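Enquirer: quick check, what structure comes out for this input:
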Amino acid sequence: MTDFAITASDLRKAYKDKVVLDGIDLNVRAGTVFSLLGPNGAGKTTTVNVLTTLSKADGGTIHVAGYDVATEAKAVRAAIGVTGQFAAVDELLTGQENLQLMVDLNQLSAGAGKRMVAELLERFELVDSAQKPASTYSGGMRRKLDLAMTLVGNPRIIFLDEPTTGLDPRSRRTMWSIIRELVAGGVTIFLTTQYLDEADQLADRIAVLDQGRLVAEGTPDELKRQIPGTHVRLRFSTAEELDAAARILPDSTRDDEALTLRVPSDGGTKAVRALLDRLGEYSLDAEGFSVHTPDLDDVFLALTGHTTKALTGHMTDALTGHTTEVVAK
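Expert: All right, here's what the predicted structure looks like:
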């Protein structure tokens, strides 16, 4: 692979008269987590289907793992792993048998296959249920088994569609840890998720898809900085200091009970330094200050006009804004 595990230029797809993807450009660096977000009907699943050769694009150029999706689909499929929205496990087989089936399909030797199965059962905390039929597994256990089966083929690019849906908080953290380990080992993750905190925690870059078009792309912090609402919160020791600062900073919003001022700012070091210097000109010192930026919920609403319920129709986890607290010495 090149520096980019996935590239797409002017990707287009329509179903009859409905345009689903309207000229999408993607560049996903190898060994990173790339998260695609968007409301229902935005085109996320169609994008994944095209990139994984499950659907043909109507236009555009797409390369996955260095292979042309249109002309080298077999090579693409050999290089990727896909964990869909619904676990693709055989419920008549046990967890161990499902993994052994994948070992046999990948033609691993008996010894290597046995070690692989044991390692994956341990890694995904499925040892105790290894001999039970998958039909007895919870939804979360099926998702873990599904991802474990995907890893048997040692793919360098993995498409994860909502990998932690149905998992309890402990299993969800385990899955996050596994994803981070995979990326540390050089694997590229293409992630769709209904949880914005999951994208915030895991993704190196996020793209927001709406009505078939990419409306924004960047790191989580870059996206947050695009949305108005970033501010510096100054905290003072006395009401007199708060009064004096409010007169100096007329655009600020005060909270008398907390003795704080909220001052609009881009949150950059230059702007914060200028703000503190302005207070210093009047011999005023804040007891402490913090920089607050909008969270991904704010970004999603501002870019798509939808609340985060529109990701899947379910409530997403609450996100707190990115905050850096500095206490004056």
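Enquirer: show me what I206 bridges to in the sheet.
Expert: S35, G218 (DSSP bridges).
Enquirer: count the neighbours of it for me.
Expert: Neighbour count of I206, defined by other Cβ atoms under 10 Å: 25. Any C-beta I mention is one placed from the backbone N, CA and C, and that applies to glycine too.
Enquirer: start the count at 681, not 1, going forward
Expert: Taking 681 as the first residue, the last one we looked at is I886.
Enquirer: that one is in contact with D901, isn't it?
Expert: No. With contact defined as Cβ atoms under 8 Å, I886 does not reach D901; the gap is 10.2 Å.
Enquirer: center of this protein - which residue?
Expert: For the chain, the residue nearest the mean C-alpha position is A879 (2.3 Å; Cα atoms, centre = their mean).
Enquirer: mean pLDDT per helix and strand in the chain: which one sits at the bottom?
Expert: strand 1003-1007 (a mean of 38; mean pLDDT, DSSP states H and E).
Enquirer: could you find the closest non-adjacent residue to Q776?
Expert: Among residues not flanking Q776 along the chain, A810 sits closest, at 4.3 Å (Cβ to Cβ, 6 or more residues apart in numbering).
Enquirer: separation between the one you found and V797?
Expert: 8 Å (Cβ to Cβ, to the nearest Å).
Enquirer: between those two, which contacts overlap?
Expert: Q776 (Cβ atoms under 8 Å, 6 or more residues apart in numbering).
Enquirer: give me the contacts around stretch 896-904.
Expert: Residues contacting stretch 896-904 (Cβ under 8 Å, 6+ apart): 879-880, 883-888, 906, 910, 973-976, 978-979, 983, 1001-1002.
Enquirer: now with 6 Å, please.
Expert: Contacts with stretch 896-904, where a contact means Cβ atoms under 6 Å, 6 or more residues apart in numbering, come from D880, R885, I886, A887, V888, T973, P974, V979, L983.
Enquirer: and it, what's buried?
Expert: Within stretch 896-904, the residues scored as buried using 16 or more other Cβ atoms under 10 Å are A896, E897, P900, L903, K904.
Enquirer: and these as a markdown table, adding distance to A919 and secondary structure?
Expert: Listed next are the buried residues of stretch 896-904 as a markdown table, based on distance: Cβ to Cβ, whole Å; DSSP: H, G, I helix; E, B strand; the rest coil:
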| residue | distance to A919 | secondary structure |
| --- | --- | --- |
| A896 | 42 | strand |
| E897 | 45 | strand |
| P900 | 37 | helix |
| L903 | 38 | helix |
| K904 | 32 | helix |
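Enquirer: of those residues, closest to G791?
Expert: P900 (42.8 Å; Cβ to Cβ).
Enquirer: re the thing from before, for the residue nearest to the centre of the chain, which non-adjacent residue is spatially closest?
Expert: S715 (4.1 Å).
Enquirer: pretty sure that neighbour contacts T872?
Expert: No. S715 lies out of contact with T872 (Cβ atoms under 6 Å); the separation is 7.1 Å.
Enquirer: can you say which helix or strand has D957 in it?
Expert: Using DSSP states H and E, D957 maps to helix 949-961.
Enquirer: which SSE is immediately downstream of that helix?
Expert: Using DSSP H and E, the helix or strand that follows helix 949-961 towards the C-terminus is strand 968-972.
Enquirer: and that following strand, what does it pack onto?
Expert: Strand 968-972 sits against strand 911-915, strand 1003-1007, with contacts defined as 3 or more Cβ pairs under 6 Å, 6 or more residues apart in numbering; DSSP states H and E.
Enquirer: residue contacts, the closest residue to T984 other than its chain neighbours?
Expert: Closest residue in space to T984, ignoring its immediate chain neighbours: D890 at 4.4 Å, by Cβ to Cβ, 6+ apart. For D890, the contact set (Cβ under 6 Å, 6+ apart) comprises G718, A722, T984.
Enquirer: give me that answer again for 10 Å
Expert: 717-719, 721-723, 896, 980, 983-986, 990 (Cβ atoms under 10 Å, 6 or more residues apart in numbering).
Enquirer: can you check I760 too?
Expert: Residues counted as contacts of I760 (Cβ under 10 Å, 6+ apart) are 685-686, 731-733, 744-745, 747, 830, 833, 835-839, 868, 870.
Enquirer: contacts for stretch 851-866, please.
Expert: Under Cβ under 10 Å, 6+ apart, the answer for stretch 851-866 is 681, 685, 710-713, 761, 803-805, 818, 820-821, 823-824, 827-828, 831, 835-836, 838, 840, 843-848, 867-869, 871, 875, 878, 881-882, 884, 997.
Enquirer: tell me which of those residues fall in helices.
Expert: Of the contacts of stretch 851-866, the ones assigned to helices by DSSP state H are R803, G820, M821, R823, K824, L827, A828, L831, E878, Q881, L882.
Enquirer: hmm, back to that, just give me the neighbour total for the residue nearest to Q776.
Expert: Residues lying near A810 (other Cβ under 10 Å) number 18.
Enquirer: touching, it and L773? I think so.
Expert: No. At 11.1 Å, A810 does not count as touching L773 under the criterion of Cβ atoms under 10 Å.
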